[in-house]
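[1] Here is the input, now give the coordinates:
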Amino acid sequence: MLEIAENGRTWVLSGPASSYAVHLTEDDELLHLHWGPAIALADAEELAARPLPVGSSFESPLDGREEYPVEGGPRFARPALSVRTPGRRGTEWTFERYDTEGDELRLRFRDTGLAITLHYRMRGDVVERWTSLDNDGAEALELLRADSAVWTLPEREGWRLSQLHGRWAAESRLVRSDLTYGEKVIGSRRGHTGHQHLPWVALDTDATEERGEVYGCALGWSGSWRIAVAQLPDARVQITGGAGYEDSGLLLLAPGESFTTPVFAGLWSDAGFGGASRTWHDYQRTYVIPDADQDRPVLYNSWEATQFDISEEQQETLAQRAAALGVELFVVDDGWFGKRTSDRAGLGDWTPNPDRFPAGLKPLADRVHALGMQFGIWVEPEMVNADSDLYRAHPDWVQYQEGRKRTEFRNQLVLNLAREDVQEYLWEQLDGLLSSAPIDYVKWDFNRCFTDAGWPGDAYPQRLWVDHVRALYALFDRLRAAHPGVAFESCSGGGGRIDLGILSRTDQVWTSDNTDPLDRLAIQHGFSQIHPARVMAAWVTDSPNTQLNNRVSSLRFRFVSAMAGVLGVGGDLSEWTEEELAEARRWVDLYKEIRPLVQHGDLHRLRPPSGGLSAVQYVRGDETVVLALLQAQHYGEPVPALRLRGLDPTVSYECLETGEVHRGAVLLHHGLRTGLRGDLDATVIRLRRI
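    Numbers count the residues shown, from 1 in each chain. Okay, here's the model as predicted:
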């Protein structure tokens with residue numbers, strides 16, 4: 001709901017439980033008024049009537065109160081907008097007008113030839129904000145920085161910052177720390193979202209998992225980015241975020257050109273970290289993720305079974321075994337195209353290897369379909385090997401610096417997707433590939449960061465950092481429109497490209513290359529702070545885990561760990577015993593029963609993965625399921641009881657595993673003690689309202 005004051009200078013956006021309000025002063029200063037519990041327009045107008053404090057000559061009364069601080073004028077806080085024109089820097093804007101379209105509010109300002117529009121939209125209790133910049137003047141404008149939004153928090157003592165940090169094979173780990181004076185900056189200068197940080201932060205003062213106020217912000221951008229959390233000298237807190245890491249130049253806007261920033265979304269919740277997560281999950285399933293109401297299928301991926309040594313006959317044998325497990329989607333990973341017998345060659349040549357697939361992919365895809373499964377493939381379109389037909393024909397199509405060595409990681413270079421000829425080549429290759437065979441799914445990988453991000457001969461080469469991402473989005477949009485039945489997974493050496501931007505164009509993401517079920521508990525715990533299980537791909541692979549740490553774990557523990565998201569199998573099924581295959585079939589069948597709860601239900605994190613028992617609960621309608629995993633048991637200590645959440649305290653629930661009947665606030669005890677023993681054990685407990 002959007003409410004506007006009669007004088008057209010105060011605006012209030014409200015959701016079911018929260019409100020967001022801004023006010024324009026008579027001096028055309030746009031001030032933040034309120035973000036928190038729901039308020040009425042009259043309340044916002046009362047806040048707007050309060051005068052700004054009188055600052056000293058060393059401080060600005062605007063700092064910490066402005067809605068979108070720009071560079072220049074009486075300000076010292078970090079600017080969200082930094083513009084250069086010939087002979088002039090900074091911005092001195094005036095308000096032009098506001099308008100609405102549906103549920104979107106637009107506040108339009110002007111500085112000579114630059115039109116600046118701040119956009120607002122309420123989605124449930126999530127506020128979406130972004131900014132658009134239009135050059136309708138006669139001179140080119142350089143955008144050094146154009147952040148999506150600035151979030152202002154109320155005055156409180158003792159703010160605490162939550163963030164997700166990591167590296168390859170150890171992504172999305174949650175850390176909480178006291179916020180101190182100054183700035184805390186996270187981001188990526190690597191050209192993609194990155195393994196090091198997810199573009200999300202949360203702030204609280206005393207919240208727990210199920211109670212207390214939490215403020216959260218998440219950026220929808222799949223390239224380099226930056227979020228800065230600043231505690232200002234007067235203890236106010238502001239959060240600034242947008243595309244690009246440095247202030248060295250985003251784009252050069254010629255007359256008539258425009259730039260729209262990515263969405264920077266924010267929410268307030270008074271239901272603790274768990275309530276904030278459930279709000280984020282519902283928002284993404286409702287407004288962000290394509291076809292989120294559809295179940296994601298159980299998949300099998302052949303990579304760990306075969307790596308680059310693949311053949312059509314071998315893949316068909318694996319497909320037969322996968323189908324016998326109840327798998328619904330069979331995926332051929334790396335090695336099916338070009339001269340791809342290792343990671344040293346073939347990237348860029350997206351045609352089936354004639355020795356491995358003499359008649360192309362269609363015969364295998366047809367046989368996979370005949371087995372009752374969908375068919376998928378792996379691609380890495382943004383990369384190229386030096387040993388490829390594409391690179392030999394077009395060595396200038398990669399990012400490089402004139403006169404400098406072309407750095408290779410994983411024996412590959414990054415294609416300059418900002419070039420229109422590269423965009424058209426990839427469209428032709430991928431459209432032709434998806435038209436050549438009945439392909440249902442594409443795992444889209446991105447296995448190296450930007451290093452030599454140059455574009456010799458271009459008038460403003462640094463634009464490739466932004467234009468690469470815009471071209472990537474356009475390519476996804478074009479492919480999805482032309483092939484609406486194809487689902488896409490975002491992968492970047494695991495979790496290196498996970499954000500609201502890529503999730504608006506893909507059906508799921510590869511959470512991490514680390515498939516160890518114990519390591520995955522912390523990764524999945526962090527991931528769930530912001531993103532729903534509906535997009536979190538998780539595989540059951542072989543034991544010992546020879547890909548990473550040689551840890552031995554039971555098939556039971558591996559399956560229950562992976563069933564917390566979109567279940568997949570990635571082991572070498574040709575080496576599994578008949579007993580293992582039969583047990584795996586039972587787990588797959590069970591997952592299909594609980595899948596609607598896991599992928600579409602409300603998540604409650606009952607116990608974090610801190611070394612003993614960890615557990616997650618999913619609630620949907622009259623049913624709930626608990627996935628409990630015992631990491632270790634010490635000194636004969638009993639398994640602790642679990643108090644379930646999100647259930648109706650006035651009715652009874654039957655435990656389908658034990659037959660016990662629980663009433664009110666359900667406390668699981670007996671089922672856990674009988675179902676969990678020793679180290680790396682796991683159990684699934686289902687309850688249904690009676």
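[2] contacting residues for L52?
    31, 61-62, 65 (CB atoms under 8 Å, 6 or more residues apart in numbering). Just so you know, the C-beta spots here come from the backbone N, C-alpha and C atoms, and that holds for glycine as well.
[3] farthest pair in these?
    L31 and P61 (10.0 Å; CB to CB).
[4] Between those two, tell me which one has more neighbours.
    L31 (19 against 16; other CB atoms under 10 Å).
[5] The more buried one and L41, how far apart?
    16 Å (CB to CB, to the nearest Å).
[6] Same check on M122?
    Distance from M122 to L41, by CB to CB: 14 Å.
[7] strands paired with the one helix or strand V201 maps to, and their directions?
    Using DSSP states H and E, V201 sits within strand 197-204. Paired strands of strand 197-204, with direction, are strand 160-165 (antiparallel), strand 214-219 (antiparallel) (DSSP bridges).
[8] mind showing which ranges of this structure have poor pLDDT?
    Within the chain, the ranges that satisfy pLDDT under 70 run 55.
[9] Centroid-nearest residue for it?
    Centroid check for the chain by CA atoms, centre = their mean gives D499 as the closest residue, at 2.7 Å.
[10] Enumerate every residue touching it.
    Taking CB under 8 Å, 6+ apart, one finds 193, 198-199, 218-222, 225 in contact with D499.
[11] try 10 Å this time
    188, 192-194, 198-200, 218-223, 225, 262, 490, 509, 530-531 (CB atoms under 10 Å, 6 or more residues apart in numbering).
[12] E104 bridge partners, please.
    E101, R121.
[13] next one: the one 10 residues further on
    Bridge pairing for L114 (DSSP bridges) gives the partners D111, N135.
[14] Tell me how many other residues crowd A49.
    A49 - counted by other CB under 10 Å - has 9 other residues nearby.
[15] Just want the phi and psi numbers for it.
    Main-chain torsions, A49, degrees, to the nearest 10: phi -80, psi -10.
[16] Correct me if wrong: it contacts H23.
    Yes. The pair A49 / H23 is scored as a contact, 9.2 Å apart, by CB atoms under 10 Å.
[17] Now the common contact residues for those two.
    Joint contacts of A49 and H23 (CB under 10 Å, 6+ apart) are T10.
[18] that older thread, how close does the residue nearest to the centre of the chain get to L33?
    29 Å.
[19] Name the SS class of F259, please.
    strand (DSSP: H, G, I helix; E, B strand; the rest coil).
[20] Name whatever forms a beta bridge with it.
    Beta-bridge partners, per DSSP bridges, of F259: L133.
[21] From R160, how far off is it?
    35 Å.
[22] So which of those two has more stuff around it?
    Using other CB under 10 Å as the criterion, F259 and R160 rank with F259 on top: 18 against 15.
[23] picking up where we left off before, among the contacts of L52, which ones are in strands?
    Counting by DSSP state E, these place L31 in strands.
[24] Tabulate the contacts of L52 in a markdown table, adding columns for distance to L267.
    Listed next are the contacts of L52 as a markdown table, based on distance: CB to CB, whole Å:
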| residue | distance to L267 |
| --- | --- |
| L31 | 21 |
| P61 | 28 |
| L62 | 25 |
| R65 | 21 |
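[25] And for R145, nearest residue in space, chain neighbours not counted?
    Nearest non-adjacent residue to R145, counting by CB to CB, 6 or more residues apart in numbering: S82, 4.0 Å away.
[26] again but with L433, I slipped
    That would be W350: by CB to CB, 6+ apart, it lies 5.6 Å from L433.
[27] if I pick the one you found, what's in contact with it?
    Going by CB under 10 Å, 6+ apart, W350 touches 336-338, 377, 379-381, 390, 425-426, 428-430, 432-433.
[28] Please spell out the ChimeraX selection for the buried subset of those.
    The ChimeraX command for the buried members of the contacts of W350 (criterion: 16 or more other CB atoms under 10 Å) is given here:
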select :336,337,338,377,379,380,381,390,425,426,429,430,433
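[29] Which residues belonging to the host helix or strand of G187 are considered buried?
    According to DSSP H and E, G187 maps onto strand 182-188. Within strand 182-188, the residues that count as buried by 16+ other CB under 10 Å are 184, 186-188.
[30] Among the residues you listed, which pair sits farthest apart?
    K184 and S188 (15.3 Å).
[31] And the helices in the stretch 351-500 of the chain?
    362-370, 389-393, 420-436, 464-482, 500-503 (DSSP state H, counting those that start in this stretch).
[32] Give me the helices and strands touching the fourth one, please.
    So the one you mean is helix 464-482. Helices and strands touching helix 464-482, as assessed by 3 or more CB pairs under 10 Å, 6 or more residues apart in numbering; DSSP states H and E, comprise strand 237-243, strand 251-253, strand 258-260, helix 420-436, strand 441-444, strand 487-490, helix 500-503.
[33] And the longest helix along the chain, what does it pack against?
    Counting residues, the longest helix found in the chain (DSSP state H) is helix 578-600. For helix 578-600, the elements it packs on are helix 312-325, strand 536-540, helix 555-562, strand 566-569, strand 613-620, strand 623-630, strand 681-689, judged by 3+ CB pairs under 10 Å, 6+ apart.
[34] Redo these as CSV? Include distance to R643 and mean neighbour count.
    Converted to CSV, the helices and strands packed on helix 578-600 look like this (distance: least, CB to CB, whole Å; neighbours: other CB atoms under 10 Å):
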stretch, distance to R643, mean neighbour count
helix 312-325, 35, 18
strand 536-540, 25, 26
helix 555-562, 20, 23
strand 566-569, 27, 26
strand 613-620, 10, 22
strand 623-630, 11, 23
strand 681-689, 13, 20
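[35] Nearest to S248, out of the ones you listed?
    That would be, of the helices and strands packed on helix 578-600 and by CB to CB, strand 536-540, which comes in at 35.0 Å.
[36] could you check the angle helix 555-562 makes with the closest one?
    Computed with axes from the mean of the first three to the mean of the last three CA atoms, to 10 degrees, the direction of strand 536-540 lies at 170 degrees from that of helix 555-562.
[37] Which strands border strand 536-540, and is each parallel or antiparallel?
    Sheet pairing for strand 536-540, using DSSP bridges, gives strand 508-510 (parallel), strand 566-569 (parallel).
[38] from the chain's centre, how far out does it sit?
    15 Å (CA atoms, centre = their mean, to the nearest Å).
[39] ok and that strand relative to helix 578-600, angle-wise?
    Using the same axes, to 10 degrees: strand 536-540 against helix 578-600 is 170 degrees.
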